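> Prediction below, plus the sequence it came from.
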Amino acid sequence: MMTQQNAEINPNAIAQVKVLALLGAVLLVGANSFVLSPILSEVAFSLATETYHVAWAISAFGAATAVSALTLAGMIDRMSVGRVLGSAALLLAVAQVSSGLSEHWIWLCLSQALAGVAVGILLPGSYATATATAPKGREAARLGVVLTGWALSLVVAVPAAAFITEHVGWRMVYFLMAGLSVLVAGILVVLLSDIRGGVSTRTSPLRALRLPGVWPLLAVMLVYMTAFYGSFAFFGVGIRHAFDLTAQGSGVFVLAYGVGFGVMGFVLGMVSPKITRGYLCLVLLAIATSYGTWGLTLQSQISAVAGTAIWGMLNQLGLNALVVSLNRQASDARGAVMGLNSAVTYSAVFAGPMVMGPIYAASGFTLVTGVGAVLVLGGVIVSWKTV
(Lines give C-alpha, C1' and ligand atoms only; values in the text may rest on other atoms or scores of the structure.)
Protein backbone atom coordinates (compact mmCIF):
# COMPACT_ATOMS: atom_id res chain seq x y z
CA MET A 1 0.00 0.00 0.00
CA MET A 2 1.39 3.41 -0.97
CA THR A 3 2.26 5.64 1.95
CA GLN A 4 3.51 9.19 2.38
CA GLN A 5 6.37 9.08 4.81
CA ASN A 6 6.69 12.70 5.86
CA ALA A 7 4.40 15.63 6.56
CA GLU A 8 5.52 19.11 5.69
CA ILE A 9 4.55 22.50 7.10
CA ASN A 10 1.80 23.03 4.53
CA PRO A 11 0.62 19.54 3.54
CA ASN A 12 -2.39 20.78 1.57
CA ALA A 13 -0.29 22.97 -0.69
CA ILE A 14 2.29 20.22 -1.19
CA ALA A 15 -0.47 17.71 -1.97
CA GLN A 16 -1.87 20.07 -4.61
CA VAL A 17 1.54 20.47 -6.24
CA LYS A 18 1.96 16.68 -6.32
CA VAL A 19 -1.42 16.36 -8.02
CA LEU A 20 -0.31 18.91 -10.63
CA ALA A 21 2.85 16.87 -11.19
CA LEU A 22 0.71 13.80 -11.91
CA LEU A 23 -1.48 15.93 -14.20
CA GLY A 24 1.73 16.84 -16.05
CA ALA A 25 2.56 13.15 -16.45
CA VAL A 26 -0.85 12.44 -18.00
CA LEU A 27 -0.42 15.50 -20.23
CA LEU A 28 2.83 13.98 -21.54
CA VAL A 29 1.02 10.72 -22.33
CA GLY A 30 -1.85 12.49 -24.06
CA ALA A 31 0.45 14.71 -26.09
CA ASN A 32 2.49 11.77 -27.39
CA SER A 33 -0.73 9.84 -28.09
CA PHE A 34 -2.46 12.55 -30.10
CA VAL A 35 0.10 14.75 -31.89
CA LEU A 36 1.05 12.38 -34.71
CA SER A 37 -2.45 11.97 -36.19
CA PRO A 38 -2.92 15.58 -37.43
CA ILE A 39 0.59 15.77 -38.92
CA LEU A 40 0.70 12.33 -40.60
CA SER A 41 0.95 13.67 -44.14
CA GLU A 42 3.78 16.09 -43.29
CA VAL A 43 5.77 13.35 -41.55
CA ALA A 44 5.18 10.93 -44.43
CA PHE A 45 6.37 13.52 -46.98
CA SER A 46 9.48 14.25 -44.91
CA LEU A 47 10.35 10.56 -44.64
CA ALA A 48 9.48 9.92 -48.32
CA THR A 49 6.99 7.21 -47.48
CA GLU A 50 3.27 6.44 -47.49
CA THR A 51 0.96 7.91 -44.86
CA TYR A 52 -0.14 4.48 -43.65
CA HIS A 53 3.50 3.59 -42.88
CA VAL A 54 3.67 6.55 -40.51
CA ALA A 55 0.29 5.57 -39.04
CA TRP A 56 1.84 2.24 -38.09
CA ALA A 57 3.92 4.19 -35.57
CA ILE A 58 0.67 4.87 -33.68
CA SER A 59 -0.08 1.15 -33.71
CA ALA A 60 3.44 0.36 -32.48
CA PHE A 61 2.98 2.86 -29.68
CA GLY A 62 -0.34 1.31 -28.64
CA ALA A 63 0.90 -2.28 -28.76
CA ALA A 64 4.05 -1.50 -26.76
CA THR A 65 1.99 0.42 -24.20
CA ALA A 66 -0.32 -2.55 -23.67
CA VAL A 67 2.58 -5.01 -23.22
CA SER A 68 4.50 -2.65 -20.95
CA ALA A 69 1.44 -1.96 -18.81
CA LEU A 70 0.91 -5.70 -18.31
CA THR A 71 4.51 -6.49 -17.44
CA LEU A 72 6.06 -3.38 -15.87
CA ALA A 73 3.31 -1.27 -14.25
CA GLY A 74 3.45 -3.32 -11.04
CA MET A 75 6.79 -1.68 -10.18
CA ILE A 76 4.78 1.22 -8.76
CA ASP A 77 3.55 -1.10 -5.98
CA ARG A 78 7.08 -1.96 -4.79
CA MET A 79 9.42 0.96 -5.46
CA SER A 80 9.75 4.71 -4.99
CA VAL A 81 6.98 6.37 -6.97
CA GLY A 82 9.19 9.36 -7.80
CA ARG A 83 11.95 7.17 -9.23
CA VAL A 84 9.62 4.92 -11.21
CA LEU A 85 7.56 7.71 -12.76
CA GLY A 86 10.57 10.00 -13.22
CA SER A 87 12.52 7.25 -14.99
CA ALA A 88 9.52 6.51 -17.22
CA ALA A 89 9.25 10.20 -18.16
CA LEU A 90 12.98 10.28 -18.98
CA LEU A 91 12.60 7.18 -21.15
CA LEU A 92 9.73 8.93 -22.91
CA ALA A 93 12.03 11.91 -23.55
CA VAL A 94 14.62 9.61 -25.13
CA ALA A 95 11.92 8.08 -27.35
CA GLN A 96 10.70 11.53 -28.40
CA VAL A 97 14.20 12.70 -29.31
CA SER A 98 14.66 9.52 -31.32
CA SER A 99 11.30 10.16 -33.04
CA GLY A 100 12.41 13.66 -33.97
CA LEU A 101 15.66 12.31 -35.43
CA SER A 102 13.95 9.58 -37.47
CA GLU A 103 15.11 9.22 -41.07
CA HIS A 104 12.92 6.23 -41.94
CA TRP A 105 9.38 5.17 -41.01
CA ILE A 106 10.69 1.99 -39.33
CA TRP A 107 12.94 4.15 -37.13
CA LEU A 108 9.88 6.21 -36.18
CA CYS A 109 7.89 3.06 -35.40
CA LEU A 110 10.65 1.71 -33.16
CA SER A 111 10.95 5.09 -31.42
CA GLN A 112 7.22 5.19 -30.74
CA ALA A 113 7.33 1.61 -29.49
CA LEU A 114 9.93 2.78 -26.95
CA ALA A 115 7.59 5.62 -26.03
CA GLY A 116 4.90 3.00 -25.46
CA VAL A 117 7.16 1.15 -23.01
CA ALA A 118 7.49 4.38 -21.02
CA VAL A 119 3.78 5.19 -21.16
CA GLY A 120 2.88 1.66 -20.02
CA ILE A 121 4.54 2.59 -16.71
CA LEU A 122 3.79 6.31 -16.54
CA LEU A 123 0.02 6.25 -17.13
CA PRO A 124 -1.07 3.45 -14.76
CA GLY A 125 1.45 4.69 -12.20
CA SER A 126 -0.03 8.18 -12.29
CA TYR A 127 -3.59 6.86 -11.89
CA ALA A 128 -2.60 4.55 -9.05
CA THR A 129 -0.66 7.25 -7.21
CA ALA A 130 -3.44 9.81 -7.55
CA THR A 131 -6.03 7.57 -5.92
CA ALA A 132 -3.72 5.87 -3.40
CA THR A 133 -2.56 9.15 -1.89
CA ALA A 134 -5.95 10.88 -1.84
CA PRO A 135 -7.79 11.42 1.47
CA LYS A 136 -10.59 8.91 1.95
CA GLY A 137 -13.66 9.98 0.02
CA ARG A 138 -11.67 12.39 -2.16
CA GLU A 139 -10.35 9.85 -4.69
CA ALA A 140 -12.71 11.01 -7.46
CA ALA A 141 -11.78 14.65 -6.86
CA ARG A 142 -8.05 14.05 -7.06
CA LEU A 143 -8.30 11.77 -10.06
CA GLY A 144 -10.57 14.28 -11.80
CA VAL A 145 -7.80 16.89 -11.72
CA VAL A 146 -5.16 14.40 -12.89
CA LEU A 147 -7.34 13.20 -15.78
CA THR A 148 -7.59 16.78 -16.98
CA GLY A 149 -4.14 16.21 -18.47
CA TRP A 150 -5.94 14.39 -21.32
CA ALA A 151 -8.08 17.46 -21.99
CA LEU A 152 -5.08 19.77 -21.96
CA SER A 153 -3.29 17.55 -24.46
CA LEU A 154 -6.26 17.87 -26.82
CA VAL A 155 -6.83 21.58 -26.28
CA VAL A 156 -3.18 22.69 -26.17
CA ALA A 157 -0.82 20.02 -27.53
CA VAL A 158 -2.70 19.07 -30.71
CA PRO A 159 -3.24 22.63 -32.04
CA ALA A 160 0.32 23.55 -31.00
CA ALA A 161 1.71 20.55 -32.89
CA ALA A 162 -0.12 21.60 -36.06
CA PHE A 163 1.14 25.19 -35.70
CA ILE A 164 4.74 24.17 -35.00
CA THR A 165 4.76 21.70 -37.88
CA GLU A 166 3.53 24.37 -40.29
CA HIS A 167 6.08 26.99 -39.22
CA VAL A 168 9.14 25.05 -37.97
CA GLY A 169 8.67 21.43 -38.99
CA TRP A 170 7.33 18.26 -37.39
CA ARG A 171 10.65 17.27 -35.82
CA MET A 172 10.55 20.28 -33.52
CA VAL A 173 7.25 18.97 -32.10
CA TYR A 174 9.03 15.91 -30.73
CA PHE A 175 12.06 17.86 -29.53
CA LEU A 176 9.85 20.26 -27.56
CA MET A 177 7.86 17.36 -26.10
CA ALA A 178 11.15 15.74 -25.06
CA GLY A 179 12.14 18.91 -23.22
CA LEU A 180 8.79 18.92 -21.43
CA SER A 181 9.25 15.24 -20.54
CA VAL A 182 12.65 15.95 -18.96
CA LEU A 183 11.13 18.82 -16.95
CA VAL A 184 8.24 16.68 -15.70
CA ALA A 185 10.65 13.83 -14.90
CA GLY A 186 12.63 16.10 -12.59
CA ILE A 187 9.49 17.36 -10.89
CA LEU A 188 8.18 13.82 -10.35
CA VAL A 189 11.46 12.65 -8.82
CA VAL A 190 11.65 15.63 -6.46
CA LEU A 191 8.00 15.80 -5.38
CA LEU A 192 7.11 12.11 -5.19
CA SER A 193 10.30 10.68 -3.68
CA ASP A 194 8.54 10.30 -0.30
CA ILE A 195 5.81 8.06 -1.73
CA ARG A 196 6.59 4.42 -2.18
CA GLY A 197 4.77 1.16 -2.60
CA GLY A 198 4.56 -1.00 0.46
CA VAL A 199 4.46 -4.39 -1.27
CA SER A 200 7.61 -6.48 -1.31
CA THR A 201 6.55 -9.02 -3.94
CA ARG A 202 5.34 -8.55 -7.49
CA THR A 203 1.64 -9.04 -8.22
CA SER A 204 1.23 -10.87 -11.52
CA PRO A 205 -1.41 -9.66 -14.01
CA LEU A 206 -3.26 -12.99 -13.60
CA ARG A 207 -3.40 -12.61 -9.82
CA ALA A 208 -4.51 -8.99 -10.15
CA LEU A 209 -7.25 -10.09 -12.57
CA ARG A 210 -8.54 -12.57 -9.95
CA LEU A 211 -9.03 -9.90 -7.30
CA PRO A 212 -12.74 -9.56 -6.42
CA GLY A 213 -14.58 -7.21 -8.75
CA VAL A 214 -11.61 -6.47 -11.00
CA TRP A 215 -12.44 -8.48 -14.12
CA PRO A 216 -16.05 -7.21 -14.43
CA LEU A 217 -14.81 -3.62 -14.18
CA LEU A 218 -12.16 -4.33 -16.80
CA ALA A 219 -14.86 -5.81 -19.05
CA VAL A 220 -16.87 -2.61 -18.64
CA MET A 221 -13.76 -0.56 -19.37
CA LEU A 222 -13.15 -2.57 -22.55
CA VAL A 223 -16.60 -1.95 -24.05
CA TYR A 224 -16.59 1.66 -22.83
CA MET A 225 -13.21 2.40 -24.43
CA THR A 226 -14.03 0.45 -27.60
CA ALA A 227 -17.12 2.63 -28.03
CA PHE A 228 -15.07 5.78 -27.44
CA TYR A 229 -12.07 5.05 -29.64
CA GLY A 230 -14.25 3.56 -32.36
CA SER A 231 -16.46 6.65 -32.41
CA PHE A 232 -13.67 9.20 -31.96
CA ALA A 233 -11.72 7.67 -34.86
CA PHE A 234 -14.52 8.71 -37.22
CA PHE A 235 -15.70 11.77 -35.30
CA GLY A 236 -13.69 14.31 -37.32
CA VAL A 237 -14.65 12.95 -40.71
CA GLY A 238 -18.26 12.53 -39.57
CA ILE A 239 -18.45 16.18 -38.49
CA ARG A 240 -16.78 17.35 -41.71
CA HIS A 241 -19.21 15.36 -43.83
CA ALA A 242 -22.26 16.57 -41.89
CA PHE A 243 -21.42 20.28 -42.22
CA ASP A 244 -19.05 20.31 -45.22
CA LEU A 245 -16.15 21.63 -43.12
CA THR A 246 -12.40 21.83 -43.64
CA ALA A 247 -9.98 20.07 -41.30
CA GLN A 248 -9.43 23.36 -39.48
CA GLY A 249 -13.18 23.84 -39.10
CA SER A 250 -13.61 20.43 -37.50
CA GLY A 251 -10.91 21.36 -34.98
CA VAL A 252 -13.47 23.50 -33.13
CA PHE A 253 -15.34 20.32 -32.22
CA VAL A 254 -12.21 18.61 -30.90
CA LEU A 255 -11.63 21.75 -28.83
CA ALA A 256 -15.21 21.55 -27.51
CA TYR A 257 -14.65 17.94 -26.44
CA GLY A 258 -11.42 18.82 -24.64
CA VAL A 259 -12.99 21.81 -22.89
CA GLY A 260 -15.95 19.72 -21.73
CA PHE A 261 -13.68 16.96 -20.43
CA GLY A 262 -11.43 19.46 -18.66
CA VAL A 263 -14.19 21.55 -17.11
CA MET A 264 -15.85 18.47 -15.64
CA GLY A 265 -12.48 17.41 -14.23
CA PHE A 266 -12.25 20.61 -12.22
CA VAL A 267 -15.90 20.26 -11.16
CA LEU A 268 -15.10 16.80 -9.83
CA GLY A 269 -12.14 18.32 -8.03
CA MET A 270 -14.57 20.45 -6.03
CA VAL A 271 -17.56 18.12 -5.66
CA SER A 272 -15.92 14.67 -5.27
CA PRO A 273 -19.00 12.44 -5.71
CA LYS A 274 -19.30 9.12 -3.90
CA ILE A 275 -18.64 6.40 -6.46
CA THR A 276 -21.28 3.68 -6.02
CA ARG A 277 -22.67 1.02 -8.35
CA GLY A 278 -25.76 3.14 -8.92
CA TYR A 279 -23.66 6.22 -9.73
CA LEU A 280 -21.53 4.26 -12.22
CA CYS A 281 -24.60 2.82 -13.96
CA LEU A 282 -26.26 6.25 -14.14
CA VAL A 283 -23.16 7.80 -15.73
CA LEU A 284 -22.85 4.96 -18.24
CA LEU A 285 -26.55 5.32 -19.14
CA ALA A 286 -26.01 9.03 -19.76
CA ILE A 287 -23.02 8.22 -22.00
CA ALA A 288 -25.05 5.62 -23.93
CA THR A 289 -27.77 8.25 -24.42
CA SER A 290 -25.15 10.71 -25.70
CA TYR A 291 -24.01 8.16 -28.30
CA GLY A 292 -27.56 7.25 -29.27
CA THR A 293 -28.68 10.81 -29.95
CA TRP A 294 -26.00 11.89 -32.43
CA GLY A 295 -28.54 11.69 -35.23
CA LEU A 296 -30.34 14.62 -33.57
CA THR A 297 -27.15 16.33 -32.40
CA LEU A 298 -25.89 16.68 -35.98
CA GLN A 299 -28.93 18.73 -37.06
CA SER A 300 -26.99 21.98 -36.57
CA GLN A 301 -23.45 23.10 -35.80
CA ILE A 302 -24.56 24.72 -32.53
CA SER A 303 -26.19 21.54 -31.25
CA ALA A 304 -23.19 19.53 -32.45
CA VAL A 305 -20.73 21.73 -30.54
CA ALA A 306 -22.93 21.49 -27.41
CA GLY A 307 -23.31 17.74 -27.83
CA THR A 308 -19.56 17.31 -28.25
CA ALA A 309 -18.86 19.29 -25.06
CA ILE A 310 -21.43 17.20 -23.17
CA TRP A 311 -19.82 14.03 -24.55
CA GLY A 312 -16.49 15.23 -23.12
CA MET A 313 -18.06 16.00 -19.73
CA LEU A 314 -19.73 12.60 -19.54
CA ASN A 315 -16.56 10.77 -20.55
CA GLN A 316 -14.69 12.51 -17.71
CA LEU A 317 -17.34 11.22 -15.31
CA GLY A 318 -17.26 7.72 -16.79
CA LEU A 319 -13.48 7.32 -16.86
CA ASN A 320 -13.20 8.78 -13.38
CA ALA A 321 -15.81 6.42 -11.93
CA LEU A 322 -14.28 3.34 -13.55
CA VAL A 323 -10.69 4.11 -12.50
CA VAL A 324 -11.71 4.95 -8.92
CA SER A 325 -13.75 1.73 -8.75
CA LEU A 326 -10.82 -0.33 -10.05
CA ASN A 327 -8.44 1.21 -7.52
CA ARG A 328 -10.90 0.50 -4.73
CA GLN A 329 -10.82 -3.21 -5.64
CA ALA A 330 -7.05 -3.26 -6.12
CA SER A 331 -5.99 -3.17 -2.46
CA ASP A 332 -2.16 -3.43 -2.44
CA ALA A 333 -1.93 -4.15 -6.18
CA ARG A 334 -2.93 -0.78 -7.60
CA GLY A 335 -0.03 -0.65 -10.04
CA ALA A 336 -0.79 -4.12 -11.39
CA VAL A 337 -4.51 -3.41 -11.71
CA MET A 338 -3.90 -0.05 -13.37
CA GLY A 339 -1.52 -1.88 -15.69
CA LEU A 340 -4.36 -4.19 -16.66
CA ASN A 341 -6.55 -1.15 -17.16
CA SER A 342 -4.02 0.47 -19.50
CA ALA A 343 -3.61 -2.80 -21.41
CA VAL A 344 -7.39 -2.99 -21.86
CA THR A 345 -7.53 0.66 -22.89
CA TYR A 346 -4.86 0.33 -25.56
CA SER A 347 -6.43 -2.90 -26.78
CA ALA A 348 -9.55 -0.81 -27.37
CA VAL A 349 -7.43 1.60 -29.43
CA PHE A 350 -7.09 -1.29 -31.89
CA ALA A 351 -10.53 -2.85 -31.46
CA GLY A 352 -12.57 0.35 -31.72
CA PRO A 353 -11.54 1.50 -35.21
CA MET A 354 -11.41 -2.12 -36.41
CA VAL A 355 -15.03 -2.77 -35.35
CA MET A 356 -16.40 0.60 -36.40
CA GLY A 357 -14.55 0.95 -39.72
CA PRO A 358 -16.84 -1.32 -41.78
CA ILE A 359 -19.88 0.16 -40.02
CA TYR A 360 -18.84 3.69 -40.96
CA ALA A 361 -18.13 2.65 -44.55
CA ALA A 362 -21.59 1.07 -44.86
CA SER A 363 -23.81 3.49 -42.95
CA GLY A 364 -21.91 6.54 -41.70
CA PHE A 365 -21.12 8.13 -38.35
CA THR A 366 -24.61 7.97 -36.85
CA LEU A 367 -24.68 4.17 -36.95
CA VAL A 368 -21.15 4.09 -35.50
CA THR A 369 -22.37 6.01 -32.46
CA GLY A 370 -25.47 3.81 -32.32
CA VAL A 371 -23.23 0.75 -31.98
CA GLY A 372 -21.25 2.69 -29.37
CA ALA A 373 -24.48 3.18 -27.41
CA VAL A 374 -25.17 -0.56 -27.50
CA LEU A 375 -21.65 -1.35 -26.27
CA VAL A 376 -21.95 1.06 -23.34
CA LEU A 377 -25.39 -0.33 -22.47
CA GLY A 378 -23.70 -3.72 -22.25
CA GLY A 379 -21.35 -2.14 -19.74
CA VAL A 380 -24.35 -0.90 -17.73
CA ILE A 381 -25.71 -4.45 -17.52
CA VAL A 382 -22.36 -5.89 -16.39
CA SER A 383 -21.96 -3.10 -13.84
CA TRP A 384 -25.42 -3.60 -12.37
CA LYS A 385 -25.17 -7.39 -12.14
CA THR A 386 -21.59 -7.89 -10.95
CA VAL A 387 -19.86 -4.71 -9.76
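Perfect, I can see it now.
> show me the contacts for the closest residue to S41 other than its chain neighbours.
In space, S41 comes closest to T51 once its chain neighbours are excluded; the distance is 5.8 Å by Cβ to Cβ, 6 or more residues apart in numbering. Where you see a C-beta, it was placed from the backbone N, CA and C, and this is true even at glycine. Contacts were defined as Cβ atoms under 8 Å, 6 or more residues apart in numbering; by that measure T51 touches 40-41, 44.
> ok, which stretches of the stretch 251-387 of the chain are helices?
Under the criterion DSSP state H, counting those that start in this stretch, the stretch 251-387 of the chain carries helices at the ranges 277-292, 294-297, 301-330, 334-363, 365-386.
> cool, the stretch 1-150 of the chain as well?
Along the stretch 1-150 of the chain, the segments classed as helices by DSSP H, counting those that start in this stretch run 11-34, 40-46, 51-72, 81-100, 105-132, 139-152.
> Skipping its backbone neighbours, what lies nearest L85 in space?
Ranked by Cβ to Cβ, 6+ apart and with sequence neighbours excluded, the top spatial neighbour of L85 is L188, at 4.5 Å.
> Now name the helix or strand holding that neighbour.
With the criterion set as DSSP states H and E, the secondary-structure element containing L188 is helix 170-191.
> in that helix, what's buried?
Applying a neighbour-count criterion of 16 or more other Cβ atoms under 10 Å, the buried positions in helix 170-191 are 170-171, 173-178, 180-182, 184-185, 187-189, 191.
> how far away is the residue lying closest to T65 once chain neighbours are set aside from C109?
What sits nearest to T65 in space, not counting adjacent residues and going by Cβ to Cβ, 6+ apart, is G116, at 3.9 Å. Distance of G116 to C109, computed by Cβ to Cβ, to the nearest Å: 10 Å.
> thinking again about what came up before, turn the contacts of T51 into JSON lines, columns for distance to L211.
JSON lines is the format used below for the contacts of T51 (distance: Cβ to Cβ, whole Å):
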{"residue": "L40", "distance to L211": "40"}
{"residue": "S41", "distance to L211": "45"}
{"residue": "A44", "distance to L211": "44"}
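> What score does the residue nearest to S41 have for pLDDT?
Predicted confidence (pLDDT) at T51: the value is 80.
> My guess is the residue nearest to T65 contacts L70. True?
No: under the criterion of Cβ atoms under 8 Å, G116 makes no contact with L70, lying 11.8 Å away.
> neighbour count winner among the two?
G116 (27 against 21; other Cβ atoms under 10 Å).
> which residues touch the more buried one?
By Cβ under 8 Å, 6+ apart, the residues touching G116 are 60-68.
> in this protein, which helix or strand is least confident?
Lowest by mean pLDDT, DSSP states H and E among the helices and strands of the chain is strand 3-4, with a mean of 48.
> quick revisit: please report which of the contacts of G116 has the highest neighbour count.
Counting neighbours by other Cβ under 10 Å, the one among the contacts of G116 with the most is T65, which has 31 neighbours.
> Identify the residues contacting that residue.
By Cβ under 8 Å, 6+ apart, the contact list for T65 reads 116-117, 119-120, 123, 342, 346.
> do L322 as well
217, 220-221, 224, 280.
> Out of the contacts of G116, flag the one nearest to V237.
Distance from V237 was checked for each of those by Cβ to Cβ. The minimum falls on G62, at 20.2 Å.
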